[in-house]
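*Asks:* Sequence below, structure please.
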Amino acid sequence: MDPLGADDPQVIGAYRLLGRLGSGGMGRVFVGRSAGGRTVAVKVVHAQFALDEEFRARFRREVDAARRVGGAFTAPVLDADPEARIPWVATGYVAGPPLNQAVSDEGPLPESAVRALGAGLAEALAAVHALGLVHRDVKPSNVLLALDGPRLIDFGIARATEGTVSLTSTGASIGSPGYMAPEQILGEGVEGAADVFSLGAVLAYAATGKPPFPGDTSAALLYKVVHDEPKLGPELTGDLRDLVAACLAKNPADRPTPERIVRRLAPEDGASGLARPGWLPGALVERVSRQVVELLDLEAEAVALPPAAERPAIGSSATVPPAIGPSSAGPSATEPPAAGPSTTQPPTEDSPTPPPAPAPGSPLLGAFGPPDPSYANGLPPKDRPAGPPLPSPPSPPSSKPGGRSVALSAAVGGKKRPKALSCTLVLSVAGALAVATTAAVLFKVLPGGSADNNDQGAADPHASATERNPGDGAPDGSGKGAVPKAFLGTWQGDLTSDSGIPVGTLTITFRQGRTGQDVAGGRVKLSVLRCDSTWKLVSAAPKQLHLDARLKGSEPQQGCSDASTDEQFTLTSDGALSYKAKDEQAGDPTGTLRKLH
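*Replies:* The predicted structure follows:
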């Protein structure tokens, strides 16, 4: 955790903020305290999402779904305001590191701890599945290690199986590379068995310190998930090894149910019998204790902050909204401490009133967790860009739906977008191409994405004439510029890595522009995964363009490579376009594009 910065809000809703936990693809996370003394984690969505009415509707559904979930090993939703100028949600706070951070720093967990971990997470999944929900993103960074047991967090992309589309940003996969089930990767129907597969991968990682499907690139990793057997290592033995292997079965029907997993791991007293005080190794117990002390220090520092009236608040009646400034990710730039409850105590009387629980006396559980990289021990995690400030005024009470406005600087933070990001989608499997033609109907309502499932419209349909045609303002892209006329228009073709693995279908639209300007927009799509990008002109020749690609949006997109500053597009004698990228993470992809129009 970091202390609040000068531009951070001091109050969100009824919660006084004490420090910053980090920033993720959907928003930023703060630690705060209610007037009654309960510690909470508050996630505030990014400003660009607040402008999207469809996002607000999905956010509202996700919060409602998260509030339905109960169980001792998830995190309670205490409060939320989907209708606020900048929507937010508050959950209980867990003093404990994410599993991936704990294993990276302290090494694999002992078998007794792995059993307690598995039983607790399986019990949490049983509660989720009983409500017709699927978590869809069970991974080490979404598991917190508290003194009284593990917590499964981040239900921000969980969705009701009745058709509720889950929250995610453009380019982000529903699930995380290396911990996705084969059916998720292939774009098939996803049910509770997919969470069981992910749980098996998490337990293998906890016991060995390595993911069961290692790979030098995401493309190779995803291929292994679908086609190869898991590598469980010598650390996993006996019935625990057999259980993990069963969870990782390729056929969903062959995997055990969460209830059966609990019975196999904790046949006598259930998960709570294993997750007693002392279930964690001594080094992790000491670490959690230090985290509690750090929180107390932040509380002491908060006393010296100016009164709430002197600093703006989110979700209050303040006339001047706050600026949510750059976020720091705590102990690790990419894996800050996360949000969740340290106990399952009910809210205090002066805390915001929570919604009814699924059953009398059961806590309100399930919510949004900390920012994190897409998977552990795969590609090296990258620092996330600084979060955007929110300087715009709130909408007047009489504003109609859709009338909200946030200054452009709020969406991009008044800063340049990340540099040297490639559009090449590196999540791939050989079998995914078989379903690529049906995948276009998915992700139609993603924030920042296109509602048109025709990839020929890959360029931003809402871009201004200047954005579509930088340099000369000609709306048809036919004005003067450095791009040869033969390139103008929309092209499409399949890409493969240097090892022959498919890495997606590229659709790109070239427009007129000069060196240093954006001259193209498009996306790479593979099954249900996609990366939307823009390309800047580096140099131009009569038959060849050198472009620098970067992802759209202010946050890294899960599953997208991030190191291609040199992409070559060359006209061939048969009227096609040869594509070549220097992008080691994506396997230096190449392909042949054909003109669509």
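*Asks:* Please parse this structure into its domains.
*Replies:* 2-313, 416-595 (automatic domain parsing).
*Asks:* now those in CSV, with mean neighbour count?
*Replies:* All C-beta spots, glycine's among them, are computed from the backbone N, C-alpha and C. Formatted as CSV, the entries for these read as follows, by neighbours: other C-beta atoms under 10 Å:
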stretch, mean neighbour count
domain 2-313, 21
domain 416-595, 19
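*Asks:* Out of the ones you listed, name the one with the poorest average pLDDT.
*Replies:* Lowest mean pLDDT within the domains of the chain: domain 416-595, a mean of 67.
*Asks:* Which residue ranges of the stretch 201-350 of the chain form strands?
*Replies:* 313-314 (DSSP state E, counting those that start in this stretch).
*Asks:* Send me stretch 487-501 as CSV with only the CA atoms.
*Replies:* The C-alpha trace of stretch 487-501 is given here as CSV (Å, rounded to 0.1, in the frame of the first residue of the first chain):
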residue,chain,number,x,y,z
PHE,A,487,-2.4,0.9,-49.4
LEU,A,488,-5.6,2.9,-48.6
GLY,A,489,-8.6,0.8,-47.5
THR,A,490,-9.2,-2.3,-45.4
TRP,A,491,-7.1,-5.4,-45.5
GLN,A,492,-7.5,-8.8,-43.7
GLY,A,493,-5.4,-12.0,-43.3
ASP,A,494,-4.3,-14.7,-40.9
LEU,A,495,-1.1,-14.4,-39.0
THR,A,496,1.2,-17.2,-37.8
SER,A,497,4.3,-17.2,-35.5
ASP,A,498,7.7,-18.3,-36.5
SER,A,499,6.9,-21.7,-35.1
GLY,A,500,3.8,-22.1,-37.3
ILE,A,501,1.3,-21.5,-34.6
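*Asks:* could we number from 31 for the rest of this?
*Replies:* All right, first residue 31 from here; so that's stretch 517-531.
*Asks:* can I assume Thr520 is in contact with Arg541?
*Replies:* No: with contact defined as C-beta atoms under 8 Å, Thr520 does not reach Arg541; the gap is 10.1 Å.
*Asks:* helices and strands around the lengthiest strand in the chain, which ones?
*Replies:* Taking DSSP state E as the criterion, the chain has its longest strand at strand 559-571. Strand 559-571 sits against strand 532-540, strand 548-556, strand 574-581, with contacts defined as 3 or more C-beta pairs under 8 Å, 6 or more residues apart in numbering; DSSP states H and E.
*Asks:* and the second one, which strands flank it?
*Replies:* Paired neighbours of strand 548-556 in the sheet (DSSP bridges): strand 532-540 (antiparallel), strand 559-571 (antiparallel).
*Asks:* mind putting those in TSV, distance to Arg294 included?
*Replies:* Below are those laid out as TSV (distance: least, C-beta to C-beta, whole Å):
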stretch	distance to Arg294
strand 532-540	38
strand 559-571	34
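*Asks:* what's the closest of these to Ala616?
*Replies:* Minimum separation from Ala616 across the strands paired with strand 548-556 (C-beta to C-beta) falls at strand 532-540, 5.8 Å.
*Asks:* Could you pull out the helices in the stretch 81-230 of the chain for me?
*Replies:* With DSSP state H, counting those that start in this stretch as the criterion, the stretch 81-230 of the chain has helices at 83-97, 129-136, 141-160, 212-215, 222-238.
*Asks:* hey, C-alpha coordinates of the second one in CSV?
*Replies:* Spelled out, that is helix 129-136. Output in CSV follows, covering the C-alpha atoms of helix 129-136 (Å, rounded to 0.1, in the frame of the first residue of the first chain):
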residue,chain,number,x,y,z
LEU,A,129,-1.0,-16.4,-3.8
ASN,A,130,1.2,-15.6,-6.7
GLN,A,131,3.1,-13.0,-4.7
ALA,A,132,3.5,-15.3,-1.7
VAL,A,133,4.8,-18.2,-3.8
SER,A,134,7.1,-15.9,-5.8
ASP,A,135,8.6,-14.5,-2.6
GLU,A,136,8.5,-17.4,-0.2
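*Asks:* now for that helix, which elements pack on it?
*Replies:* strand 173-176, helix 222-238, helix 312-332.
*Asks:* Out of those, the one nearest Val158 is which?
*Replies:* Per C-beta to C-beta, nearest to Val158 of the helices and strands packed on helix 129-136: helix 222-238, 7.4 Å.
*Asks:* quick check: angle from the closest one to helix 141-160?
*Replies:* Counting by axes from the mean of the first three to the mean of the last three C-alpha atoms, to 10 degrees, helix 222-238 lies at 170 degrees to helix 141-160.
*Asks:* Which other helices and strands does helix 222-238 contact?
*Replies:* Applying 3+ C-beta pairs under 8 Å, 6+ apart, we find helix 222-238 packed against helix 129-136, helix 141-160, strand 163-164, helix 212-215, helix 268-277, helix 288-295.
*Asks:* want to try JSON lines for these, with distance to Val99 as columns?
*Replies:* Below are the helices and strands packed on helix 222-238 laid out as JSON lines (distance: least, C-beta to C-beta, whole Å):
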{"stretch": "helix 129-136", "distance to Val99": "20"}
{"stretch": "helix 141-160", "distance to Val99": "6"}
{"stretch": "strand 163-164", "distance to Val99": "7"}
{"stretch": "helix 212-215", "distance to Val99": "20"}
{"stretch": "helix 268-277", "distance to Val99": "21"}
{"stretch": "helix 288-295", "distance to Val99": "13"}
